[in-house]
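Asks: return a 3D structure for these sequence lines:
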Amino acid sequence: MKKILTILGVVFLVLIFIVAAAIGYVAYTGNKLDASSKAYVDESVPAIVSTWSKDELIKRANSQLRQVTSDVQVGLLFNSLSNKLGTFQSYDGAKGQSNMSFTSKDGQTTTASYVANATFQNGKAEIQIKLIRDNDSWQILGFHVDLKPL
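Replies: I've put the predicted structure just below:
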């Protein structure tokens with residue numbers, strides 16, 4: 001009986017160690033992903049909205065976004081936003097975080113969601129941006145703009 005309890009104790013300690021290591025890994029990786037995804041958004045959003053460049057969005061877009069949006073649609077939308085908002089004045093930074101999920105079908109998927117604010121001559125824009133990590137690089141999965149008049 002004593003031998004069984006000793007074996008169970010060792011197994012329990014090993015399980016505790018594995019769980020602690022997994023939590024540590026997720027916390028460490030999560031912080032790195034938050035920092036890199038925020039840096040990506042803070043670099044991408046001003047590059048896109050300062051001139052409402054469809055090319056800047058398209059070169060950063062994930063294939064899933066490219067499948068549901070044409071270059072013409074993006075061009076028309078950005079032309080309309082440029083006419084309504086006027087010239088770019090400032091970028092206020094982004095707030096959000098990354099998320100890791102694990103499924104048996106897809107394996108690990110890393111996404112991020114951010115909200116960024118920019119000021120223009122005729123108003124403000126709240127930009128909601130969704131990212132996905134593909135081949136160790138961030139790509140834009142969604143880009144939505146809400147107008148906020150001054």
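
Asks: can you give me the helices for this structure?
Replies: In the chain, the helices defined using DSSP state H lie at 2-49, 54-60, 63-68, 71-85.

Asks: return the most buried member of these.
Replies: Looking across those with neighbours counted as mean count of other CB atoms under 10 Å, the highest average goes to helix 54-60: a mean of 18. All C-beta atoms are positioned from the backbone trio N, CA, C, and that covers glycine.

Asks: thinking again about what came up before, in JSON lines: the helices of the chain, plus distance to E126 and mean pLDDT.
Replies: Output for the helices of the chain, formatted as JSON lines (distance: least, CB to CB, whole Å; pLDDT from 0 to 100):
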{"stretch": "helix 2-49", "distance to E126": "11", "mean pLDDT": "80"}
{"stretch": "helix 54-60", "distance to E126": "16", "mean pLDDT": "94"}
{"stretch": "helix 63-68", "distance to E126": "19", "mean pLDDT": "92"}
{"stretch": "helix 71-85", "distance to E126": "12", "mean pLDDT": "93"}
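
Asks: want to throw those into TSV with distance to F120?
Replies: As requested, these are exported to TSV (distance: least, CB to CB, whole Å):
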stretch	distance to F120
helix 2-49	8
helix 54-60	16
helix 63-68	23
helix 71-85	4
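
Asks: nearest to Q97, of those?
Replies: Closest approach to Q97 among the helices of the chain (CB to CB): helix 2-49, 5.4 Å.
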